[in-house]
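Undergrad: one predicted model, sequence on top.
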Amino acid sequence: MPSLTLKGVTVNFPFTPYDCQKDYMGKVIECLQKKENGVLESPTGTGKTLCLLCATLAWREHFKDTISARKIAEKLQGQEMFSSTPMSSWGTAATDGATPVYYTDIPKIIYASRTHSQLAQVIGELKNTSYSPKVCVLGSREQLCINQEVMRQESNHVKVHMCRGKVSTRSCVYYNNVEERTTDRDLVNSILDVEDLVKFGNKQRVCPYYLSRSLKQQADVIFMPYNYLLDPKSRRAHNIELNGAVVIFDEAHNVEKTCEESTSFDLTPYDVASAVSAVDKLLVEQATEASASEDFNVENLSSGLKIDLESIGKIKQMLLDLEAVIDSYDVPSDKGLTKAGIFIYELLERVQLTYSSKTAVYEALEQIIGHLTGRPGIFLNTSGLQKLADIIQLVFVGDPSEKDKRQQMESNTAHFKVHIHRDNSYHKKAQSTDVWASHSSSSKKPGNILSYWCFSPGFSMQDLKSQGVRCIILTSGTLSPLSSFTCEMRIPFPVSLENSHVIERDQIFVGIVERGPDGVPLSSAFDRRFLPENMASLGNTVANLSRVVPDGLLVFFPSFPLMEKTLDFWRTNGHAERIESVKPMFVEPKGKGTFNEVIDGYYQKVNDPTSKGGTFFAVCRGKASEGLDFADTFGRGVIITGLPFPPKMDPRVILKMQFLDEMSRRKAPGLKYLSGQEWYKQQAFRAVNQAIGRVIRHKDDYGAILLCDQRFKGAGARAQLPSWVRPYVRLYESFGNVIRDVSQFFRVANKLRPVAEKKSAARSHEAACSPDTPSPAAPSCSSSQRTNTQKAKQLDAHLPSLKRRRLHEHSVANGMARICIEYESEAQEGPRRPANLLDALEQGAHRGGAAPNAVAGVEQANHLSTLSLQCDKRMADELRGGKRKIKLVQEQKPRASADVSGDGSSGGRVKAFLAEMKRSLSQFNFERVIRALQTYKKSDELEALLAGAAVLAEDANTHRLLRGLYQFVRPHHKKSFDERCQQLTGRGCGYKPDHSLSVEEKKALVPRSAAVAVSSSACSQLDTQQLNRGGAHLNQPRAPEAAAVAVSSFACSQLDTQQLNRGGAHLNQPRAPEAGCASKRDVPAAFLADVKKAIGEEKSTLLFQALQSYKKSDNYDDMVGTVVSVFTERDEDFILLIRFSMFIPARHKKRYRDMLDALQGQSVSAADVPAVREDQQRPVSPSSPFKTQSKISSFFSGSQRK
């Protein structure tokens, strides 16, 4: 394991660290050595957790070693132990200089994160290091208790008191085994998370909760959720000793909120009512029990309650008085009443709750709660009593003398406000039948809520610092801007770091999308968020981006209400259907119950090789935006639909802003507060930055960040983004340019960083099943997958050329290469020609094993390997949009096969067809069609072929592929296949009676037709004899030749030499349509008519203006931006975008085709584009003048001449 030395400390790291990781570990060690607080930001994916663990544990070991060195030096009394290494070189960097240090002074590491699931990930990282410290994980009884009687209780505080009762009476069998198991070697020396601890407890029948508390005493590293540290009540309950400890807050972007919430409370009428009800029932019970006894006193009560009836009565009266005091304030229904923080003492003093009485009242409440929760029988709600006990602990901090009491109260409440507001809930209705209801004012009018809110996280952080911690380290991927973050904490942070990312420029795309495809400005501002045109434009934006972003797409909304209303609008107006057709939609639920099911469904859909991925809709600050991992294909793109500002009319938000403005005006020396408005903006951008962090999860990941709100375009807004994002931000005014650049980004990223293909039954390698590359929610490798992997290896052994193919390719792609190989070898061997194309599918495989000796086998393998590489190269060229070569032949020689049946034709046409089919279909569907062809070859059953190829009939864009299978159909099935194509697609395959002739029958016809028969491949080339005669000869009427009727649609989709010879001027002259190719000349006129009909006159004018501007400026980007915006607003118009490619000049053809490939998620062959809608074109009279066509043709011919 590599090691490196940072600031005198040797750190063992699992791999060679990057520069940013060295910087990060150096800052961590600096904090530890100098006893200084640090705030360290390092983007997600830079390995900050691993760096944090390794640096901290390395420093701790060095600290320990330095103590050992000092003790040895003391015993040697100045003598050197090693002559080559003097004692002075051992250093004292880790210890505290001249201060005597003992082994008991080695600091404990307290590692806190937001949730237990995040802590489990941290512990997993720790297991990957070379360090083996003694660890302990603290959790609540909710997570660790295994006593079924306790766990059946619904309320957490009831579980606490029931557990305490069982422990005090030693009636819990699991607790009784704790002392015996504490020294278990397997337990002490293992690194266990909460789940591991519970498994150990169930196996050994020992309580995991108390086991973790006992392990805490001897642990080197203690893991816990950070509310255990920040909440004074939890800290006392878990007996956490902080003196001299190193405190680390990971995922610290939530620390601010946790600090404020842990010291705040809301006391509702329901809380007081339930408390009064519980005490009243206890009074009745105790009074009944006491009246049955002659001499009733505390000792004689069988219940074991340690307080008398009078004390219980006082508690009830205090609760009734508290309710009356709170409700006595007449507050406005909309705003409420706000007082200074110190007012809380004045209010509580009115119910006889002061520093003097707090201890007695608190102990009485604890006694009552413990007694009620320990009773058998009907459950009694004690949550209100527990709330009051917590309030006493929270408000009455410290134990000041009478002289210092006022100063203590002012200090305690300096960062607080008291807010009394109307209760709009209906909890109290459930209590209307209780005894106390007739005496309570809550039944007469709506009650008030007493809120005591903290507005400075610094209150908790200063309390933490006062416990004597060595240092506090706050770290996260999204703390920017650091200055305002540290300002809120109210303690100094001398060490800070805003780290760079490990990714390169080509791994991230950041675009600010100002307008949607329809030109409507995008904004989630309060006055625009629910406008129909805004929601519609956002829907069109997401629908179009879902076409371009591969695999998983995350869409974050500012809030749940906004997301719900927007999605309802999309479902009503068809936007949701458009998104669903490309990437199935998954929506984050509000509750925790179904979240795991939804996210698992999303992961499975993205992993599904037959799908194009999924779209996950979530909210900023929600569960999906915080701790979930969307690495690689699970999060290729993140769309932020707006700025998630806090609700401005919320009383707590208003008071927070007022508090900060008030503090800013005071201008205390050495202190700097944010203004209320600065804090308000910071909250929105911190939530955005956290959501953005979902997209790049490690050094090889890549993805796009799309900020779809015009408010992001301001310089101030961009400055709030993370430092690793800011250099890559691009501002877009035209939506078409967004589509272009995003598609280009993913095309380049996928070539530079190809990822393992999606899991499927046809995997050709075992990398996906490797435990070294885990992915969230990814199913484990099944036995069937391993079997298929073995089959793929056998295929590699059979065809050596496949071993040289790229590792990430599927075996299906290899199967296509094998078909190409067979056609090449068939063409060269000569004597044995296959009877038809299907015979060629397996011919190469039979020959591969038929070599008479090893030398012949090697030669055959080399031959196949070379041909395979050639085929791969040609296919790669076509996928990149490479130019097609046009061969000029001097003279057409007669060929025996003059039809399009495909019998005996060369492999070039087949390879082109298969390559096109592979580009146009998904992996699964392509494999399905290939299997159908192979089955047809063996069984000679046409229905089997049609069943397997049925997927080609589902989409108009793949109808041409279904007709292309005509060349593989045997002669006796051609007529039936043609009829079925006519039924399924509305167009036949050009069947003629001679297509049903067998090879022998055709040979008999060769002498009569050889002079005039021209093969389909020959028709697709340029005839130099025709070129030499010139254009005039081409207009003269000629006798129909066999070639004129034998030209297939495949040949017609290529260059028409007659049109080329006549030039643009001849396009306007009426002439009789020629067989097979007449409809091609009708395409521009039909297209323009379809455009006007689809998008209307106004947008057609906009399109024509863009074309005119393009002709003058040759600015492709401006033109394509307009075209994409016009044609992607509706799904049904997308076909027009494809057909528009016929007007793109050759110099921009490749760029346009690449954009179409990205939008469709498949390749669009330029030669096939005009035929896409051929069956849908309107009939145009051949004699009518094509005026519009003339404009377009002359326009492009003019621009090409330039």
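TA: On my side now, so go ahead.
Undergrad: all helices for the stretch 1051-1200 of the chain, in order.
TA: Along the stretch 1051-1200 of the chain, counting by DSSP state H, counting those that start in this stretch, helices occupy 1057-1062, 1078-1081, 1083-1113, 1116-1127, 1134-1139, 1146-1160, 1169-1172, 1187-1201.
Undergrad: what does the stretch 201-350 of the chain give?
TA: Taking DSSP H, counting those that start in this stretch as the criterion, the stretch 201-350 of the chain carries its helices at 208-215, 227-230, 232-237, 255-262, 269-291, 309-327, 343-349.
Undergrad: nearest to Q1105, out of those helices?
TA: Smallest distance to Q1105 across the helices of the stretch 201-350 of the chain (Cβ to Cβ): 52.1 Å, for helix 255-262. Any C-beta I mention is one placed from the backbone N, CA and C, and that applies to glycine too.
Undergrad: what is the closest one packed up against?
TA: Applying 3 or more Cβ pairs under 8 Å, 6 or more residues apart in numbering; DSSP states H and E, one finds that helix 255-262 makes contact with helix 227-230, strand 448-454, helix 458-465, helix 482-489.
Undergrad: who wins for proximity to K314 among these?
TA: Of all the helices and strands packed on helix 255-262, it is strand 448-454 that lies closest to K314, at 20.5 Å by Cβ to Cβ.
Undergrad: got a list of contacts for that closest one?
TA: 259-261, 263-269, 326-327, 329, 331, 341, 344, 347, 391, 394-395, 415-423, 460, 651-652, 655 (Cβ atoms under 8 Å, 6 or more residues apart in numbering).
Undergrad: buried among the residues you listed? Need that as a selection in PyMOL.
TA: Of the contacts of strand 448-454, the buried ones can be selected in PyMOL as follows, counting by 16 or more other Cβ atoms under 10 Å:
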select buried, resi 259+260+261+263+264+265+267+268+269+326+327+331+341+344+347+391+394+395+415+416+417+418+419+420+421+422+423+460+651+652+655
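Undergrad: now do D899, the pLDDT please.
TA: At D899, the pLDDT value in this model is 38.
Undergrad: and for E504?
TA: The model reports E504 with a pLDDT of 84.
Undergrad: want to try a markdown table for the helices of the stretch 201-350 of the chain, with distance to Y102 as columns?
TA: Shown next, in a markdown table, are these (distance: least, Cβ to Cβ, whole Å):
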| stretch | distance to Y102 |
| --- | --- |
| helix 208-215 | 22 |
| helix 227-230 | 26 |
| helix 232-237 | 26 |
| helix 255-262 | 32 |
| helix 269-291 | 49 |
| helix 309-327 | 48 |
| helix 343-349 | 44 |
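Undergrad: okay if I get those helices as a markdown table plus mean pLDDT?
TA: Listed next are the helices of the stretch 201-350 of the chain as a markdown table, based on pLDDT from 0 to 100:
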| stretch | mean pLDDT |
| --- | --- |
| helix 208-215 | 89 |
| helix 227-230 | 87 |
| helix 232-237 | 84 |
| helix 255-262 | 88 |
| helix 269-291 | 85 |
| helix 309-327 | 90 |
| helix 343-349 | 93 |
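Undergrad: extract the CA atoms of the helix or strand that contains R980 and return them as CSV.
TA: Using DSSP states H and E, R980 sits within helix 971-985. Extracted as CSV, the C-alpha positions of helix 971-985 are listed here (Å, rounded to 0.1, in the frame of the first residue of the first chain):
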residue,chain,number,x,y,z
PRO,A,971,-37.7,-17.2,-53.1
HIS,A,972,-40.7,-19.3,-52.2
HIS,A,973,-41.5,-16.9,-49.3
LYS,A,974,-40.9,-13.6,-51.0
LYS,A,975,-44.5,-13.1,-52.1
SER,A,976,-45.9,-13.8,-48.6
PHE,A,977,-43.3,-11.6,-47.0
ASP,A,978,-44.2,-8.8,-49.4
GLU,A,979,-47.9,-9.1,-48.5
ARG,A,980,-47.2,-9.1,-44.8
CYS,A,981,-45.0,-5.9,-45.1
GLN,A,982,-47.9,-4.3,-47.0
GLN,A,983,-50.2,-5.1,-44.1
LEU,A,984,-47.8,-4.0,-41.4
THR,A,985,-46.3,-0.9,-42.9
